[in-house]
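In: Dropping a prediction and its sequence here:
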Amino acid sequence: MAECHPVGYQWVMEARERGAKVFHIDPRFSRTSATVDRYLQIRAGTDIVLIGALINHVLTNGLDFREYVLAYTNAATIVSEEFRDTEDLDGLFSGYDPESGRYDTTSWAYEGDTGKTEEMSEGDPRHAEAAGSDSYGARGAGSTATPPTDPTLSHPRCVYQILKRHFSRYTPERVAELCGISPEQFAELAEAVTANSGRERTTAWVYSVGWTQHSVGVQYIRSAAILQLLLGNMGRPGGGIMALRGHASIQGSTDIPTLFNLLPGYIAMPHAHRHDGLDHYLDREGGDTGWWGNRRAYVVSLLKAWWGDGATEENDYRFDYLPRLTGDHGHYATVMGQIDGKVKGYFVVGENPAVGSANGKAQRLGLANLDWLVVRDLMVVETASFWKDAPEIETGELRTEDIATEVFFMPAASHVEKEGTFTNTQRLLQWREKALDPPDDCRSDLWFYYHLGKLIRQRLGGDGIDRPVMELTWDYPEEGRHRDPSAEAVLREIGGVDADGRPLASLRELKPDGSTSCGCWIYCGVYADGVNQAARRKPRGEQGPVAPEWGWAWPANRRILYNRASADPEGRPWSERKKYVYWDAEKGRWTGPDVPDFEEDKPPSYRPPEGAKAQDALAGTDPFIMQSDGKGWLYVPSGLADGPLPAHYEPQESPIRNTLYGRQSNPARRTIDRPENPYNPPLSSRFPYVFTTSRLTEHHTAGGMSRPLPYLAELQPALFCEVSPELAAEVGLENGGWATVVTERTAIEMRVLVTGRVRPLRLGGTTVHQIVMPYHWGYGGGGLVTGDVVNDLSPIVLDPNVYIQESKAGTCDILPGRRPRGQALLALIERYRHG
Amino acid sequence: MAERMGFFTDTTLCIGCKACEVACKEWNDVPDDGFVFRATSYDNTGALGADTWRHVAFIEQDSRWLMSSDVCKHCTHAACLDVCPTGALFRTEFDTVVVQSDVCNGCGYCVPACPYGVIDRRERDGRAWKCTMCYDRLRGGLEPACAKACPTKSIQFGPLEELRVRAEERVERLHAEGMTEARLYGEDPDNGVGGAGAFFLLLDEPETYGLPPDPVVTTRDLGEMWRWAGVAAFGLAGALAACFLRRS
């Protein structure tokens, strides 16, 4: 966090000054490790073993926050008889199809739900090709808000007992053997985390892409969710699981998504073969109980925002105008489509996949096979210049004169040259003013897409196929010399208006009848009272510590989600020290320094009547209001592609055998078995070392915003690897010298930094060396400093839920000296491939 | 004269982000220092110099990684200022020491005079450069760029007397918490430079951070040296006179 988020890290430093104990768990001893109470070096790709052992520690020793767990989680819920755990099937859950490598998830349901969830998306093999949306977390139509439970937690099929059995093999001994963390270190961590949780105290977990970029990435986060729910650390001040994002407003770009499978507000993108019309789509995409039960209002308001008066009840609010999925249209599927000649054009906006995405060579081979490529960036990044300076030109795999891709480079305005919002990790929207006009031809993305849309509409005719674009509401006020569309007008549209065009105050005002329009239901209210709420900047000294008048947080300006859980089932604060949102019986309202994440007047004693829908189906003691049963899910009955519980699987490429199960890697992971994407065999003596990729404070991602700047480039001028003195001695590496790192994909060269901060891991009888490489360098990009591309080493192997690549744990060999040039490089890789 | 202003750099709070180095260069328009991979931990800056007015040192020890942002000490007894023949170096109303680049003639006397090796001549223009404690910002009522940019309050700016009190309290607290190795460096008005205007809280010997253990203003002995030189000259003159006297 110190390394990648130094500004946010000031609050960690401040918390430490005030007595917080901070642990840092990472394969790499970074600037964070240097400034915490305890650093634990872990083998890359083994975090589920560690968190699983913490869960086991909590369950075995009865350290869970029992009152919280019983009331607010699904610990007591009874699971279907058909469910089989990894305990029963040696590393597989029930429903696995070895042919397709996918799970039929119907047997994971709650008791009594299996027949119903068969109807649901995840049971549909066609759907399994497209990553799921959040609404699948709501189980599905027909599932009940009150599944059978056993409040004594003794039923063998209740979640609590399943959890106990599942995690029983996650012991401190396994942690030592697989993670390289000693039983003493583990005991200290376990004691600290459990002692700091409960009524009086809360513990927070903070993670970043070190947790997500794995073939079991989603399950890493799930394991943290289980631990935090067991300890009562969700929905309470000082608790939670914080995802630090990789760029400014990446949170914003998932809320209003640049993801192929989602519409704004985590609404599922309709599927071409699954959804016949709006009713059919709404029936199948989520449950009827909990807040997703209102999804008709969210979807209809979105369609109204996009197609305006033309969207009517008679025409399904133009639901048929939405694009449709036909399968996996994710980043890596797109790149393979380029190589195969199926994808002809490509927009790359503020990204640099030739350097930043896994398997850089596959990325560039894809770029070289396009008809046209549009790159919008501050600099001519490597993705725009690949045709003349890619490593494949040097090796002869590509020849400039053979590349027919027409590249359009569109210079972009920087963040100080345009107005708009950033949405940060705690869902906080903050408005930025424009400080100055962008120079020359540089323009904002908003300008670009607005005017591109206008130009396209000029060229389209009246054909039916053109109507979705022709009829879009595309009428924003224009400002300034370059006719910039008003960003505030866009925010107003996102925030929602009623039939008379008056801004909505809250998402509760959204209607399913077409009388409201809203570009993103979770952002509804950001323009309440006609005021840009995101632009509020009342200093913290002039308001309480929650600072509700600084910016605006979705949803409804809530600063802590699920904050009903900060009070006990009767609505009283768990403790004076952790008092936050609580029930004021006198006034008959929830109150506190934050906006309650609950209907303000729903008393703790409320019990839903038979057949109730949406939030009315949830009791006054159900804080997790987006879930169909209002509970925090220790066990996930639907919505995940690779299991209802996290299980440790080794990375695709690992030098260590998985001793927990008979399954080496995630059985549901997505591999791309093609010549462009060979994998190092697991347990291969040719690739004995673990590598992981990282970042440095001095640079930004693929380097496009930092390598051209002298003041940053001089601070970290060269790609380097960090290796232990032991590995340096074993291989013959010299500090300050050169090294070549080899995988089946390619080999790259870098400088060597020998440091005692990296230590060989002793795992049982084996020693594992880890090599750490920051990935900020590339061959061009206007860089004052250039270097080989670290992501050229990373294989494309994907988490099956969200299709993120496993770039945080791979295997390699390392040689002293610089890499061979030209054809000789290919010859070196050939030798490695054939052992 | 206004209150004496200074820096208190608390290295226990430094996270090594180098925002101070970058902010300093941005504000003062200091050129880059070359793109050299030094293989010395995360330090590719090396040392303070004409083109580096803040320098973050990274010291790798057994189980810890020390980081510390070094800067000109703005000495009470500043030798650079003492030896400057042009008056380019002067003491400001904030009791800081600043070079006026339009007056400096590049003689370079100040460079060996500095007991810390801070001030340096820039090859390209021949003139001497160092930290000004952002004199222009101070005059405008702002804090120096490095302190402003520091996210963790490792670099604290303020009236020197206040900083000294704060630093003493901080050391006491750290000692109470068991960090008995915490110590201040440069704050003592009785030290060899009469107390530094920029002082530090360190966790190890100053040498570990590349700081001289007991710096002394290089002009301290000048008076003494002149006196002895005078005595020697008088003696020599006397001897010569004696020679002539004897002849006659």
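Out: Everything's here; your move.
In: so who does B:Val71 touch?
Out: With contact set as Cβ atoms under 8 Å, 6 or more residues apart in numbering or on different chains, B:Val71 has these partners: B:Phe7, B:Thr9, B:Leu48, B:Trp53, B:Arg54, B:His55, B:Val118, B:Cys131, B:Cys146, B:Ala198. Yep, even glycine has a C-beta here, placed from its N, CA and C like the rest.
In: pretty sure the last one is touching B:Leu184, no?
Out: Looking back up the chat, that one is B:Ala198. No: here B:Ala198 does not reach B:Leu184: they are 11.9 Å apart, not a contact under Cβ atoms under 8 Å.
In: If you count surrounding residues, which of these two has more?
Out: Per other Cβ atoms under 10 Å in any protein chain shown, whichever of B:Ala198 and B:Leu184 has more neighbours is B:Ala198, with 26 against 17.
In: mind checking how far that one is from A:Ala272?
Out: Using Cβ to Cβ, to the nearest Å, B:Ala198 is found at 67 Å from A:Ala272.
In: and if you look at B:Glu169?
Out: Relative to A:Ala272, B:Glu169 is positioned 68 Å away (Cβ to Cβ).
In: Tell me which residues touch residue 25, please.
Out: Since no chain was named, I'll use chain A. Counted by Cβ under 8 Å, 6+ apart, A:Ile25 has contacts A:Tyr39, A:Leu40, A:Ile42, A:Asp47, A:Leu50, A:Leu189.
In: wrong one, chain B
Out: Going by Cβ under 8 Å, 6+ apart, B:Lys25 touches A:Tyr711, B:Pro31, B:Asp32, B:Trp53.
In: again, only using 6 Å
Out: For B:Lys25, the contact set (Cβ atoms under 6 Å, 6 or more residues apart in numbering or on different chains) comprises A:Tyr711.
In: Tell me if it really is in a helix.
Out: Yes: applying DSSP: H, G, I helix; E, B strand; the rest coil, one finds B:Lys25 inside a helix.
In: Please report the distance of the residue most central in space within chain A from B:Gly223.
Out: Residue closest to the mean C-alpha point of chain A, counted by Cα atoms, centre = their mean, is A:Thr212 at 6.5 Å. As defined by Cβ to Cβ, A:Thr212 lies at a distance of 68 Å from B:Gly223.
In: all helices of chain B, in order?
Out: Applying DSSP state H to chain B gives helices spanning B:19-28, B:79-83, B:110-113, B:135-139, B:145-149, B:160-176, B:222-247.
In: Show me what residue of the stretch 501-650 of chain A gets nearest to chain B.
Out: At 16.1 Å from chain B, A:Arg540 is the closest residue in the stretch 501-650 of chain A, using Cβ to the nearest Cβ.
In: show me what contacts that residue?
Out: Counting by Cβ under 6 Å, 6+ apart, A:Arg540 makes contact with A:Ala547.
In: Next to chain B, which bits of chain A? Give me the list.
Out: With Cβ under 6 Å from any Cβ of the partner chain as the criterion, chain A meets chain B at residues A:2, A:6-7, A:10, A:13, A:31, A:34-35, A:697, A:710-711, A:713-715, A:717-718, A:735-736, A:751, A:753, A:785.
In: Try it again at 8 Å.
Out: With Cβ under 8 Å from any Cβ of the partner chain as the criterion, chain A meets chain B at residues A:2, A:6-7, A:9-10, A:13, A:29, A:31-35, A:696-698, A:710-718, A:720, A:735-736, A:751-757, A:784-785.
In: Quick check: PyMOL command selecting the buried ones in those residues.
Out: Remark: buried members of those, expressed as a PyMOL selection using 16 or more other Cβ atoms under 10 Å in any protein chain shown:
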select buried, chain A and resi 2+6+9+10+13+29+31+32+33+34+35+696+697+698+710+711+712+713+714+715+716+717+718+720+751+752+753+754+755+757+785
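In: Among the residues of chain A next to chain B, name the ones in strands.
Out: A:Phe720, A:Arg751, A:Val752, A:Leu753, A:Val754 (DSSP state E).
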